[in-house]
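K.L.:
Sequence and predicted structure below; questions after.
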Amino acid sequence: MRKIYLFDTTLRDGEQSPGVNLNTKEKLEIAYQLERLGMDRIEAGFPAASPGDLKAVNAVARALKHSSVIGLSRARTQDIDAAYEALKDAEDPCIHIFLASSPIHRKYKLNMSKEQVLETAEAAIKYAAKYFSKIEFSPEDAGRTELDYLCQVTETAIKAGATVVNIPDTVGYLTPYEYGNIFKTLKDTVPGIENIQLSAHCHDDLGMATANALAAILNGADQIEGTINGIGERAGNTSLEEVAMALETRQDFFQAKTTLVLSEIARTSRLVSKLTGMAVPGNKAIVGANAFAHQSGIHQDGMLKEKTTYEIMSPEVIGLKESTLVLGKLSGRHAFREKLLDLGYELGEEQLNLAFAKFKELADKKKEVTDEDIMAFLEERIVDT
Ligand code: KIV
Ligand code: ZN
């Protein structure tokens, strides 16, 4: 089974979420947890961005023993020097150099010709090779770059010494078919591509970040970049827990796997949410509060008979205790009776009918009927009768 490397950028692209600012202590706490989660590569920050970020990347670089630690850098010598300063104590350091390649970025942001972009990328990678044996290069906005030119940029990066070439869909513009086709074309046409790793980096502006990453895997990507809980610039990045669980659940289809410690997913998600202050939406795949909660009576009845009727993954796999059956107006007698048994009430048929009627009355008035609600009316009305 092919291994897919996971590159976590929660501490860099994730920190680019509006309103998020992580100090060194918080970055360290998340980095330790990411290492416990078995993350292959961790981008700890952008050392040239501020003295504080350089210090934080350095602290992570010194602390981690298993995951590779990465620092982001523009294609400039001062940035590369700062990245070296931050990463020189790491067990397994890697620099991540980016330079935009799309026509829009070349014209409006960089004011560079195609040739100048190639030359600048080549010079930066060669300069970084003085310090680093692992160099990732990203043609920023690769997703909107002319495909033949992207092949040229990739070939230049490989020749200059890049060990990973990352293909960012910086603005989350592409569809899975188009994104997958870029990987296929690079694999089929770029000389030397077999000597490096190809990486996918997607944003979720159109809600396709995870689908695009999976399309990249189907077309030969070796590494997926993303964040925990999918946080990041604007609509966020590919959510790494979604990729890991998609590969785990559909191994039959993808024929690829990660080496993530899946049982650490829930804990990591909670920590990232707490320290970034970004709540996880209830309906978020894998880690949302409702991801393993069942509300309708028909689903609850199915779940009580056999969990695979309505669950394709077990909550225990990601480190949660169990699925929940939310009691509300759609719940049926089967789920209600199980809840009573859980709470320690074994009622006869008549009492159960009375209790169920009372429960339905209450459920019409409340979004969710809690254990406390049930115990209160049982104590008042049923048990005494
Ligand atoms: O989205 C992007 O293009 C990036 C690059 C720095 C890789 O985050
Ligand atoms: Zn990004």
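P.N.:
Looks like it arrived, so ask away. Ligands and ions are numbered 1, 2, ... in the order given.

K.L.:
Contact residues of the stretch 151-300 of the chain facing ligand 1?
P.N.:
166, 168, 170, 201, 203 (Cβ under 6 Å from any ligand atom). C-beta coordinates here come from the backbone N, C-alpha and C atoms, glycine included.

K.L.:
tell me the secondary structure for the fourth one?
P.N.:
So that's H201. With DSSP: H, G, I helix; E, B strand; the rest coil as the basis, the three-state label of H201 is strand.

K.L.:
isn't it right next to V164, touching?
P.N.:
No - here H201 does not reach V164: they are 10.8 Å apart, not a contact under Cβ atoms under 8 Å.

K.L.:
can you give me the helices in the stretch 151-300 of the chain?
P.N.:
176-189, 209-218, 240-249, 251-254, 265-276, 297-305 (DSSP state H, counting those that start in this stretch).

K.L.:
mean confidence score for the fourth one?
P.N.:
The average pLDDT within helix 251-254 is 98.

K.L.:
and what of the first one?
P.N.:
If you average the pLDDT over helix 176-189, you get 98.

K.L.:
now for it, which elements pack on it?
P.N.:
Packing partners of helix 176-189 (3 or more Cβ pairs under 8 Å, 6 or more residues apart in numbering; DSSP states H and E): helix 147-160, strand 164-169, strand 197-202, helix 209-218.

K.L.:
What are the buried residues along it?
P.N.:
Neighbour counts over helix 176-189 (16 or more other Cβ atoms under 10 Å) mark 176, 179-180, 182-183, 185-186 as buried.

K.L.:
Identify the farthest-apart pair in these.
P.N.:
P176 and L186 (16.1 Å; Cβ to Cβ).

K.L.:
Low-confidence regions, this structure specifically.
P.N.:
381-385 (pLDDT under 70).

K.L.:
Near E242, how many other residues are there?
P.N.:
When neighbours are defined as other Cβ atoms under 10 Å, E242 has 21 of them.

K.L.:
Surely it touches G230?
P.N.:
Yes - at 7.2 Å, E242 and G230 qualify as touching, with contact defined as Cβ under 8 Å.

K.L.:
Could you tell me which residues touch both of these two?
P.N.:
With contacts taken as Cβ atoms under 8 Å, 6 or more residues apart in numbering, E242 and G230 have T210 as neighbours in common.

K.L.:
on that earlier part again, how about JSON lines for the helices and strands packed on helix 176-189, with distance to T370 and mean neighbour count added?
P.N.:
Conversion of the helices and strands packed on helix 176-189 to JSON lines gives the following (distance: least, Cβ to Cβ, whole Å; neighbours: other Cβ atoms under 10 Å):
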{"stretch": "helix 147-160", "distance to T370": "55", "mean neighbour count": "19"}
{"stretch": "strand 164-169", "distance to T370": "43", "mean neighbour count": "25"}
{"stretch": "strand 197-202", "distance to T370": "39", "mean neighbour count": "26"}
{"stretch": "helix 209-218", "distance to T370": "33", "mean neighbour count": "25"}
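
K.L.:
ok, the buried residues of helix 176-189 vs H105, which is closest?
P.N.:
Within the buried residues of helix 176-189, the smallest distance to H105 is 16.5 Å, found for I182 (Cβ to Cβ).

K.L.:
In contact with the closest one, which residues?
P.N.:
Contacts for I182 (Cβ under 8 Å, 6+ apart) come out as 142-143, 147, 150, 167, 174, 219.

K.L.:
neighbours of G192, just the number please.
P.N.:
Neighbour tally, G192, other Cβ under 10 Å: 12.

K.L.:
What residues does it make contact with?
P.N.:
Residues in contact with G192 (Cβ under 8 Å, 6+ apart) are 155, 158-159.

K.L.:
tell me which of the residues you listed is nearest to N58?
P.N.:
Nearest to N58 among the contacts of G192: I158, at 29.3 Å, using Cβ to Cβ.
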